[in-house]
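This is a predicted model, with the sequence first.
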There are 4 protein chains.
Amino acid sequence: MSSTFGTLFRATTFGESHCKGVGVVVDGCPANLELSEADIQPQLSRRRPGQSDISTPRNEADQVTIFSGTEFGKTLGTPIMLLVHNRDQRPQDYGEMSRVPRPSHADYTYQMKYDNRASSGGGRSSARETIGRVAAGAIADKWLKHTFGVEIVAWVSQVGTIAAPEIDRSRISRSDVDAHIIRCPHAETAERMQHLVEEVLAAKDSTGGVVSCVCRNVPVGLGEPVFDKLEAKLAQAMLSLPATKGFDIGSGFAGTSLRGSQHNDPFVRKGQRLGTSSNNSGGVQGGISNSEDIYFRVAFKPVATIGLPQETVDFDGNSTTLEAKGRHDPCVVPRAVAIVESMAALVLMDLALRQRARQAY
Amino acid sequence: MSSTFGTLFRATTFGESHCKGVGVVVDGCPANLELSEADIQPQLSRRRPGQSDISTPRNEADQVTIFSGTEFGKTLGTPIMLLVHNRDQRPQDYGEMSRVPRPSHADYTYQMKYDNRASSGGGRSSARETIGRVAAGAIADKWLKHTFGVEIVAWVSQVGTIAAPEIDRSRISRSDVDAHIIRCPHAETAERMQHLVEEVLAAKDSTGGVVSCVCRNVPVGLGEPVFDKLEAKLAQAMLSLPATKGFDIGSGFAGTSLRGSQHNDPFVRKGQRLGTSSNNSGGVQGGISNSEDIYFRVAFKPVATIGLPQETVDFDGNSTTLEAKGRHDPCVVPRAVAIVESMAALVLMDLALRQRARQAY
Amino acid sequence: MSSTFGTLFRATTFGESHCKGVGVVVDGCPANLELSEADIQPQLSRRRPGQSDISTPRNEADQVTIFSGTEFGKTLGTPIMLLVHNRDQRPQDYGEMSRVPRPSHADYTYQMKYDNRASSGGGRSSARETIGRVAAGAIADKWLKHTFGVEIVAWVSQVGTIAAPEIDRSRISRSDVDAHIIRCPHAETAERMQHLVEEVLAAKDSTGGVVSCVCRNVPVGLGEPVFDKLEAKLAQAMLSLPATKGFDIGSGFAGTSLRGSQHNDPFVRKGQRLGTSSNNSGGVQGGISNSEDIYFRVAFKPVATIGLPQETVDFDGNSTTLEAKGRHDPCVVPRAVAIVESMAALVLMDLALRQRARQAY
Amino acid sequence: MSSTFGTLFRATTFGESHCKGVGVVVDGCPANLELSEADIQPQLSRRRPGQSDISTPRNEADQVTIFSGTEFGKTLGTPIMLLVHNRDQRPQDYGEMSRVPRPSHADYTYQMKYDNRASSGGGRSSARETIGRVAAGAIADKWLKHTFGVEIVAWVSQVGTIAAPEIDRSRISRSDVDAHIIRCPHAETAERMQHLVEEVLAAKDSTGGVVSCVCRNVPVGLGEPVFDKLEAKLAQAMLSLPATKGFDIGSGFAGTSLRGSQHNDPFVRKGQRLGTSSNNSGGVQGGISNSEDIYFRVAFKPVATIGLPQETVDFDGNSTTLEAKGRHDPCVVPRAVAIVESMAALVLMDLALRQRARQAY
């Protein structure tokens, strides 16, 4: 296990889907930040399942409690423990799942790595683990906004084969994104995405998608060359999320087809500072933020749990057919929006503190 | 700066393009691995510039010396310092470059972050920094091969708009890759790529590309959920390389269009172990290797240094035209192949040692 | 804050004296260790206040709950969160203490460092913070005993000016230590120590003392030269405890007066392995355990909270007299015994896992 | 191996006594610090052997070269590699030492840990390893002096049974210390110490001693509770040095005999800030500097290499007599003075940068 993320601002998550609860210890938050549960709950609510017909119907309240690290509504500079109780705390009986590793789930690899695994719900590989990330990210998000005016907004830019047209990254807000339950801010595309998800759900199947994210007002200078470059930490953060298969920043994979003369971002004067007239760099040059908007994309594979029967083998290698019971979430990207924002916030706040240590000289 | 990578197998690189030298300290290599400069030099030679007409003509010998950590041809278990001297050790006079940050280079961001920067050659943002990574990676590569039979092979799968057809990942070798200087193992595509690079070079321009990589015979169980998942560390490793803009693993971005029923990898019996009949997962499930081939792609942007004139501004915001003098490397991906392999080796060896600590129980 | 200890076996503590609770997240414990609250509670009970007339009378139950990381009585290999609720969860009104930093407490330094501090009870500098350490240490203690037969026993070897005679380190057990409430296994000395503590208590004063500790059956090879030598990590662990002012190992400060010919530990054959005929080294040579008993001492200063009036100044520099109200613990060393053992266990288990990563090669 | 020390200011040392060289990579030094070899050489010269008749006669020049990380006499903010070549770079033939582990040396434990070891000179357990520490420490020392006016001065306070009287810590300077080759600033005691060392040398024996150290003008607020308290990191730093067996700070072990009413340090007004009228705390309360002088002591055992014959056994358990040939250093504490100062500087600078990250908020 490696459940801690960050160098100066550190989040340590804990909890399985069916233990007593899940949560996070946030160490390194500066003192005197105003903080209450009300700052954290909204992102948790955006993350939780059961928000709509097309999401999994388990309505877990996911109420967060600040257990330590604040007093009289302000952070003390000490570890902040955030706890969310699980409703269903009983591990289920060892049933079929204990004998048959679910295809493209983590059952097999956890079993091989640990010679044990949570008997139900996926344990630490469950999406429920991300509650701790989102709770910690909400603190970072508040600090970044308060300190620099940073705005982090993610949205669904692709579901299955349906991709949204270019979004105006300079203006998009979280309320724009939340206007439609699919969390694609382009209304007409959102409708088509919803129809696709409904169709997939009816077919007992699932679909993948892409979440895009922009971080505005990030100060120049964040990112620690060479191994903790800003894009490197973002990439780690995003690929540490369940079901992710890819990350690109700025021009990304598409930019590989361009020529340098098309791709280079010329410098221009922007008020008292330099900026660039284009932004193929995605706000990062040499691993360091350049004060332009940071934007990136995260690829999510189709949800592995499907209602359709699957031919596979059990742990002993015997052929069997697996069929998921009950309802499931056919597409995670609408819920992933808050998770992607949270991980971006964790990365940026940690790098901001690391840069401030340097600037203070 | 954050110049150390790894938890148990740790590489700490140092050196700018025009200081006395570049290199790496490798800490945590197990003792009694046979090791000499001859194990390290080949990958450095594949990385170095000047290998062909289409690469930059600076022929730096890049001869590596093992300074510490071995005796009588075996590792002692102590830090291994590997050193490569720079030939041109004089920082150049502050000239035009000191006044004009090169577009899409790190001049501006380094200056803003550090309030100083290497006066020539890009300092730590130079591709020369990767020498330390490749030297360290060669040690990891040898250990992985010796311990598990791991084979790591990267190749050029795209240059500009020219993409290679699917390569047989189960068979491709480094010598297949090196058969053509462009390092694309599909001969006919390699020819077309070379023509494109020559054309770009003639046009004083540059192009981007994609490097693909496969890691075979990786044992099951590597990867530390949740923040140090195998794909998360690979993503960090690759996005920490100069000029990279994207990473995907397994089905990657393309897989987002699929349905779960198409994408899931059914388990099958493979000899004494379980395997999967397809491999959209890219050898990783739940952040942990599943013993199938690990494969991923890395996007490289077009080289920022071009001979064409560029309209930009100097540090004071005054308009100017920048024109790179001398020859330059119009496409880095052929040289990046060894670098991508090296970073993959660093990731896998560190995770292998971390897993062995657990298994020993 | 730096609330995480360890590289592979990592304990992250949280909680102030008057927040909702205190506890720890233990990451990196191997899977399949049998673990229940009953393994953890005994050391917490040895640590807690109110065990006797000479200890502080607050009888906090300190009941621990395993929140995550186990299932069906075994560890999953995932983070284990251990929680102890605080009984008195209301921060007290800002009273005299908010204006007057208590001499030799952490009020002043926390306020200067964080520009904020817990309004009562010392916050993170409270002895209550050590609950998380003891809970984590109990897990390490069990694993070490189970895996190697390691026995860690600490005892009170000095209270004020009263020092115990040499104890037979090879035989002493925790039950020997607990035979007397002062936790000095030399009965006659324990009586004298108790009288001293009673006298000090009656005088509204406090006293310091020394805790000694032995670790038996530690395998050869633990300790990571050069910065994480075994004695270096033990020293850090012990000096991170509240009220500690010194650490020495083996011959320690007394050994500085000896000559090399007296101090060197000659090697002798001990069954199938080498041992030493004397043990001035304290079980460590070159930072690495040599399989002899590890033993060390930890100096605890007199408790800073005393009933006697103290002349001091408030935060504004105005003279005032401070007088602690209520009863207080006049000597912490009897309770510190379990804490010292726990920190030793955290150090040894982490180093054992790190060594196993190497040996697996 | 664990050859890296520090979180933001990081020193990674490398090199054995008989490899090509020893040195350090310093990562995280802020940019624009004026730095040349002349800043580093003096402390290396105070550390090196052969400074006097009573030291080992090997006169190694130990000339340091700055290999990277500076340009035009200033730091770039990038890794600074400092290199010292070894004169005798040939590992000696496997002789008696390969069969007989030297008592109280690291031969046996290295062999058992790594299943290999440097064939001569002690490898990484050699005092020569400290060259990298001293070189890195000289940078930290300069930065601390330049930024805060910090003064770090260590001296020999005990040799064998001869202890110096109390030294005025508020005034003592490095030149006071260097006035006598024994590096005890109390002239009469220094003479007696020298006679003892000469006597021990003549007897082919060795002696231990104590180095004391004071750090003045350290700003309030340094130290990261709870595991990286200032005294905890100092303790780790000092116990990571070869031949150390103990550390205490402030009143230390002696303070355990006192009562709280004697030991507590009352606050008083000192100009615009609070100070304390006594300093039993040693400048640290709750793990955080309080702006009073930090002072501590480090115990060094007698040198293990002695000319007297020693009865011991070889690796196979066969009895033998070992007799060190050639001259040796009968007492390391005069040379250890610069090493202790350097480790203190590494600790303080790292904690200063960590605190500045927080204060910048």
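Yep, it's here. Since the structure is predicted, the reported quantities are computational estimates derived from the model, not experimental observations.

Count the neighbours of the residue nearest to A:Asn217 when sequence neighbours are not counted for me.
Here the nearest residue to A:Asn217 in space, its sequence neighbours aside, is A:Gly149; by CB to CB, 6 or more residues apart in numbering or on different chains that works out to 4.5 Å. Just so you know, the C-beta spots here come from the backbone N, C-alpha and C atoms, and that holds for glycine as well. With neighbours defined by other CB atoms under 10 Å in any protein chain shown, the count for A:Gly149 comes to 11.

Likewise for A:Ile288?
27.

residues contacting it?
A:Val220, A:Gly221, A:Leu222, A:Gly223, A:Pro225, A:Lys229, A:Leu230, B:Ala106, B:Thr109, B:Tyr110, B:Met112, B:Lys113 (CB atoms under 8 Å, 6 or more residues apart in numbering or on different chains).

do you know how far it is from D:Arg273?
Distance of A:Ile288 to D:Arg273, computed by CB to CB, to the nearest Å: 37 Å.

do the same with A:Ala232
Applying CB to CB to A:Ala232 and D:Arg273 gives a distance of 42 Å.

These two: which is more packed in?
The residue with more neighbours, out of A:Ala232 and D:Arg273, is A:Ala232; 28 against 12, by other CB under 10 Å.

Check what pLDDT the residue in the stretch 101-250 of chain A that chain D sits nearest to gets.
Using CB to the nearest CB, the single residue of the stretch 101-250 of chain A nearest to chain D is A:Thr147, 6.8 Å away. As predicted, A:Thr147 sits at a pLDDT of 96.

What of the one 4 residues further on?
At A:Glu151, the predicted lDDT confidence score is 98.

What is the burial count for it?
There are 18 residues near A:Glu151, going by other CB under 10 Å.

What values do phi and psi take at the closest residue to it other than its chain neighbours?
Excluding its sequence neighbours, the residue lying closest to A:Glu151 (CB to CB, 6+ apart) is A:Arg216, at 4.5 Å. Dihedral pair for A:Arg216: phi -100, psi 150, per degrees, to the nearest 10.

for A:Val211, same thing?
Dihedral angles for A:Val211 - degrees, to the nearest 10 - are phi -110, psi 130.

Against chain B, how distant is it?
10 Å (CB to the nearest CB, to the nearest Å).

dump the residue contacts of that residue.
Counted by CB under 8 Å, 6+ apart, A:Val211 has contacts A:Ala154, A:Trp155, A:Val156, A:Ser157, A:Arg297, A:Val298, A:Phe300, A:Val333, A:Ala336, A:Val337, A:Val340.

Inside strands: which ones of those residues?
Counting by DSSP state E, the contacts of A:Val211 place A:Ala154, A:Trp155, A:Val156, A:Ser157, A:Arg297, A:Val298, A:Phe300 in strands.

List the beta-bridge partners for the fifth one.
In this case it means A:Arg297. A:Arg297 has these beta-bridge partners by DSSP bridges: A:Ser212, A:Asp248.

cool, and the second one?
Beta-bridge partners recorded for A:Trp155 (DSSP bridges): A:Ser212.

can you count the residues close to it?
So A:Trp155, with other CB under 10 Å, has 30 neighbours.

try the third one
When neighbours are defined as other CB under 10 Å, A:Val156 has 28 of them.

Quick check: it vs D:Arg169, distance?
65 Å.

got it, and the last one?
Computed as CB to CB, the A:Phe300 to D:Arg169 distance reads 62 Å.

higher neighbour count, the two?
Between A:Phe300 and D:Arg169, A:Phe300 has the larger neighbour count (other CB under 10 Å), namely 27 against 17.

Any part of the longest helix seen in chain A near chain C?
Among the segments of chain A that qualify as a helix by DSSP state H, the longest is helix A:333-359. No - judged by CB under 8 Å from any CB of the partner chain, helix A:333-359 stays clear of chain C, getting no closer than 11.9 Å.

pLDDT-wise, which helix or strand of chain A ranks last?
None of the helices or strands of chain A scores lower by mean pLDDT, DSSP states H and E than helix A:96-99, at a mean of 74.

ok, then the element right after it?
helix A:107-114 (DSSP states H and E).

residues in contact with that following helix?
In contact with helix A:107-114 (CB under 8 Å, 6+ apart) are residues A:97, A:101, A:116-118, A:122-125, A:315, B:220-221, B:223, B:267, B:274, B:284-290, B:355, B:358, C:31-32, C:76-78.

Type out the ChimeraX command that picks the buried ones from the residues you listed.
To isolate the buried members of the contacts of helix A:107-114 in ChimeraX, using 16 or more other CB atoms under 10 Å in any protein chain shown:
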select /A:97,101,116,117,118,122,123,124,125 /B:220,221,223,267,274,284,285,286,287,288,289,290,355,358 /C:31,76,77,78
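
could I get the ones in strands among the contacts of A:Val211 as JSON lines with pLDDT?
Putting the ones in strands among the contacts of A:Val211 into JSON lines (pLDDT from 0 to 100) gives the following:
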{"residue": "A:Ala154", "pLDDT": "98"}
{"residue": "A:Trp155", "pLDDT": "98"}
{"residue": "A:Val156", "pLDDT": "98"}
{"residue": "A:Ser157", "pLDDT": "98"}
{"residue": "A:Arg297", "pLDDT": "98"}
{"residue": "A:Val298", "pLDDT": "98"}
{"residue": "A:Phe300", "pLDDT": "98"}
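
Return the closest of those residues with respect to chain B.
A:Phe300 (6.4 Å).

thought the closest one was touching A:Leu239?
No - A:Phe300 is beyond contact range of A:Leu239, at 11.1 Å (criterion: CB atoms under 8 Å).

Let me see the mean pLDDT of stretch A:338-355.
98.

With only the CA atoms kept, save that stretch in PDB.
Extracted in PDB, the C-alpha atoms of stretch A:338-355 (Å, rounded to 0.1, in the frame of the first residue of the first chain):
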ATOM      1  CA  ALA A 338     -15.300  16.000  -8.600                       C
ATOM      2  CA  ILE A 339     -12.600  13.400  -8.100                       C
ATOM      3  CA  VAL A 340     -10.400  14.800 -10.900                       C
ATOM      4  CA  GLU A 341     -10.800  18.300  -9.600                       C
ATOM      5  CA  SER A 342      -9.800  17.100  -6.100                       C
ATOM      6  CA  MET A 343      -6.700  15.300  -7.300                       C
ATOM      7  CA  ALA A 344      -5.700  18.400  -9.300                       C
ATOM      8  CA  ALA A 345      -6.100  20.500  -6.100                       C
ATOM      9  CA  LEU A 346      -3.900  18.100  -4.100                       C
ATOM     10  CA  VAL A 347      -1.200  18.400  -6.700                       C
ATOM     11  CA  LEU A 348      -1.300  22.200  -7.000                       C
ATOM     12  CA  MET A 349      -1.400  22.900  -3.300                       C
ATOM     13  CA  ASP A 350       1.500  20.700  -2.500                       C
ATOM     14  CA  LEU A 351       3.600  22.300  -5.300                       C
ATOM     15  CA  ALA A 352       2.500  25.700  -4.200                       C
ATOM     16  CA  LEU A 353       3.800  25.100  -0.700                       C
ATOM     17  CA  ARG A 354       7.100  23.700  -2.100                       C
ATOM     18  CA  GLN A 355       7.600  26.700  -4.200                       C
END
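
I'm done for today, thanks for sticking with me.
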